[in-house]
Each structure stands twice: as structure tokens, then as C-alpha cells.
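In: 3D, please:
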Amino acid sequence: MRDRLTGTHQRRVLRCIGVVALFAVVLGAPETVNAVPPPPAVQDFTCAARPGYVVRCTWSGPDAEDGTGAEDGDGTVPTGYRVEWRRTGTAGGSGAAETTGATSLTLEHDGPGVYEYRIHAFRRPTSPPLVVRGPSSTWARVTAAPPRFTPSAEVTDSIRVSYGDHAQQSYRAVLPEGADMDRPAVVVLHGGSWVAGEATGPTFKINQLLYDEGIPSFAVDYRLARVAPWPAQRSDVFAAVADIRSRAREYGINPDRITAVGSSAGGHLALWLASFGSGAERVRGAVAFSAPTSIARIRSDRGSVTDAAKLKATTTPRATRDRGSASTGPAPAGAATSAASKAAATAQRKNNHLADMTALLLPGEPVTCGAVCQSVAPQTQASRDDAPALLFAGDSEWVSPLHSYDYADAYASIPEVDVQVRLLANEKRHALAFVYGRPGVWEETLAWLRQHS
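Out: Numbering: from 1, shown residues only. Below you'll find the predicted structure:
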């Protein structure tokens, strides 16, 4: 009896082993499917930081010789590569990106930090649809930092010109060598919540970049709200542009090829140049970074930071949105919650400060925002005689990106005027930080200015 039980037990064990073996064949190591071997380990995997939170990783692999990824010598299934990343410290965050037929990948992150990367090769047989994965590399560590904003040419020969009686009614003419009377020019307007800032402050670096490109530019000062309330700021930038146009021959520029660039409050004024009256006769176009176009919206946002739901409700069809970074991934829950709370508190504090400053811009105007308050919005002047505009906004910054969409919405039914919004994904920074720290923003701005001048 004991022997029979032992035999029965053995037969059951053998049957179980057979079932397990069958499952092992069906579900087991995918490298045996269709005789597709696993890809080898990736060689020479390195990552290096580039300006603007950008990291580029390179490696060598089966497809490195011809770069096509069509065949790798031991099978007809192309080899792909998956680069995984994670950010160390309390900020956290992780993600991954894949590529096929290439042995390099560029990742753009949303802020500074110490990042780690690893890679593995993979193949995806079409039948059955399994992933054949090679071994992962060890983690490589890279520190991503914001770029240093260093124009190649330091401007030392700008000319100060007055266009009014007040000391703040002046501009700096930055004129590269050359006397081509058909040269375009750019008017640059600084920010500062209409109550602070100056033409030779941080915004002047845009003039330096334009100088590098051989483009004449003018850094304009205007009376601040502590000196003169609205509409003095608008009147001043109009007067400055009129003065520049009148001296076009002296400056060696074409008065009909002037465009404007403005940061924050300066972006608001740049949009006024493009929209008031026949704006296209004043400037050929305007670029605005984080422009607060509506005093009413600034005041209504006090106490409640704009959230993603408001952005989703925006349906402007002509306002295109930046795809953002393919490498953006979710942060650990605790870190994400903490970071989001801090970001929200900072954004609210800054927006509330901006709301306070509007009381200096419009003294005596009720908080509920009456007719005078509404008239500060340049989009109220929208007409087919206006100049085109390009607006940049961060989706998480303290000036609600809906300001930019408010302006674009006003032109949705005016196809003659091209107004576009670039919504920068995962962007908490403001205005000039787009130019200094967001790859591609300055390049697109420069191309747009050249196209429209």
C-alpha cells in the first residue's frame, strides 16, 4: 500500500511538472520565441548635461554601425533602446523614453537636480507580441543645471536717447555695425508689474542676444505706475516707437520693419503696440512672455491659483500648445504633493502681489474692476488692422496662462491676424526664464521675429 501511494504520488508530481513545463514553454523566457535571441548588453553608455536641464545619453549597440535598426546580424527584429531616469533627493520624479534605430537620446527635464539613468536594449517580435529584453546597465549619474546666459558679445556702445521730459522716458539704442537702411529692428520692453524695472536690467540681455545676431534693438524705459498711473505706460511706449521711427535713417533701420518683444508687464505693453488702432502700421509683430493681459483676471485670481481644470476649459482652436517633454514622469506621491503645495503657495503670493500693484496702476479704481480697469486689456482693441503676435506662457507659473488665451481668443474670429500661444508644459518659471532656461524658446522667438519683420 505504501508503495502504491508512493507511486501515485510520483505520477501526480510528474503530471504537475509537465503542466509547469508546458506553462514555461508558453510563458517562459521570451528570447526562445521565434528563435529571437535577447539583445546583448549595451556598451559605452554615457550621459552628459547640456544647457537648460537637458541631458544627452549616447551608447553603442547592435545597430550602431549603420544606424538603421533594420537588422542586427542575428535576427530580423530591430533592436530598440529604453532609457530610464530618476531624480534623486526630495524633488523625486522618474520616467523613461524609447528609441529604435538610433544610439543616442536627448531628454529634457523640468528643473535642476541630480538625475540617474540606465538603459537596456529590447526587441519586439511580432508573433507572439512579447518583449525580449536585454540586461540593464548600471545607473549613471548626471547633474542638470540651468544654462548660463552669456551672449557672445557684450554691448558697450549703446546710445541713450530721450523721447520725453521725464527721466524714465528714454531708451537705449543698441546698434550693431552696418548701415543697411533696410535692416529690421526690435523694441524690447522690460517687466516689473508696471511699478519697477528698467531697460538696462535683466531684459537687456535680449538686446545683447539680438546684437549677436546683427539686429538693431531698442531697450525702452517708460514711466512707472508710482510716477504716473495708466495709461502713461502705454502712451510712453507709443511715443518711444514713434521717436525710433522718426530717426530710422540715423539708426540705419527700416521704420516699417520694427517688431516688439516684452517680458511680463512689458509683454502686456508689446501687445498694446500690436493691437491699438492700426497696430500693424506701428509694428510688424509682437512677442510676449507671460503677459498679464487682464487686470480683472489678476484680481479675480487672488486667493485661488489657476488650476489645470481652467486650462482644460480653454478651447481656442488657433492657440497651439507645446507638447512638452517626452521624458516627464510622475514624482513620488509624497514629494509631488509637497512640491505642488509649495509651488501653489509661491504662485499665489506672487499673484497677490501683482494684484496689489494694480492699485498703483489704477488708483481709485474699485476692486471689482470697472470700465477703466477693463480698458487696460489690449484684447479689447482687437481688429483686422492689428499686427500678429506670439505669446509664451508656462502652464504652472504665477501669471495665469489664461491671460495669453484671453488675448488669443479675441482674434479667433479674425483670421487676418495670426495670434498664437505657446503653452510650455511643466513650467513654473516666469517670463525671461523661458528665454534663459527653456531650450528652443529663444530660437523660436528669433525665427518668428525674422519671419515677421
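
In: in stretch 275-285, what counts as buried?
Out: Neighbour-count burial for stretch 275-285 flags 275-276, 279-280, 282-285 (criterion: 16 or more other Cβ atoms under 10 Å). Quick note: C-beta positions are derived from backbone N, CA and C, even for glycine.

In: and it, end to end?
Out: Terminal residues of stretch 275-285 are spaced 10 Å apart (Cα to Cα, to the nearest Å).

In: quick check: mean pLDDT across it?
Out: Stretch 275-285 comes out with an average pLDDT of 97.

In: got the contact list for it?
Out: By Cβ atoms under 8 Å, 6 or more residues apart in numbering, the list of residues contacting stretch 275-285 from outside reads 184, 187, 234, 238, 241, 256-260, 273-274, 378-379, 381-383, 385-390, 448-449, 452-453.

In: what do you get if the cut-off is 7 Å, keeping everything else the same?
Out: Applying Cβ atoms under 7 Å, 6 or more residues apart in numbering, the external contacts of stretch 275-285 come out as 241, 257-260, 273-274, 378, 381-382, 385-389, 452-453.

In: among the residues you listed, which ones are in helices?
Out: 241, 273-274, 452 (DSSP state H).

In: which stretches of the protein have low pLDDT?
Out: Along the chain, segments meeting pLDDT under 70 span 1-36, 51-52, 62-77, 127, 145-157, 179, 302-348, 350-351.

In: just the helices in it please.
Out: Taking DSSP H, the helices of the chain run over residues 2-27, 204-212, 232-246, 248-251, 265-275, 279-282, 295-300, 308-312, 333-361, 371-374, 402-409, 432-437, 441-452.

In: remind me, longest strand of this structure?
Out: The strand that spans the most residues within the chain, counting by DSSP state E, is strand 113-123.

In: buried stuff in that one?
Out: With the criterion 16+ other Cβ under 10 Å, strand 113-123 contains buried residues 113, 115-123.

In: what is the nearest of the residues you listed to Arg349?
Out: Gly113 (23.5 Å; Cβ to Cβ).

In: could I get the ones in helices among the contacts of stretch 275-285 as CSV with distance to Asn352 and neighbour count?
Out: Output for the ones in helices among the contacts of stretch 275-285, formatted as CSV (distance: Cβ to Cβ, whole Å; neighbours: other Cβ atoms under 10 Å):
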residue, distance to Asn352, neighbour count
Val241, 33, 21
Leu273, 28, 27
Ala274, 29, 28
His452, 36, 19
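
In: I'd like to know how far the nearest residue to Gly164 once chain neighbours are set aside sits from Arg284.
Out: Spatial nearest neighbour of Gly164, chain neighbours left out: Ala239 (6.2 Å); criterion: Cβ to Cβ, 6 or more residues apart in numbering. Distance of Ala239 to Arg284, given as Cβ to Cβ, to the nearest Å: 19 Å.

In: what is the burial count for the residue nearest to Gly164?
Out: The tally of other residues near Ala239 (other Cβ atoms under 10 Å) stands at 15.

In: from Ala41, how far out is it?
Out: 68 Å.

In: which residues touch stretch 129-147?
Out: The contact list for stretch 129-147, computed with Cβ under 7 Å, 6+ apart, reads 30-31, 33, 36, 38-42, 45-49, 51-53, 55, 109, 112-125, 436-437.

In: and the buried residues of stretch 275-285 as TSV, adding distance to Arg82?
Out: Below are the buried residues of stretch 275-285 laid out as TSV (distance: Cβ to Cβ, whole Å):
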residue	distance to Arg82
Ser275	48
Phe276	53
Gly279	50
Ala280	50
Arg282	52
Val283	48
Arg284	46
Gly285	42
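
In: which single one of those residues is nearest to Gly197?
Out: Closest to Gly197, out of all of those and judged by Cβ to Cβ, is Val283, at 20.6 Å.

In: ChimeraX command for the buried members of the contacts of stretch 275-285?
Out: The ChimeraX command for the buried members of those (criterion: 16+ other Cβ under 10 Å) is given here:
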select :241,257,258,259,260,273,274,378,381,382,386,387,388,389,452,453
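
In: among the contacts of stretch 275-285, which are in strands?
Out: 258-260, 389.
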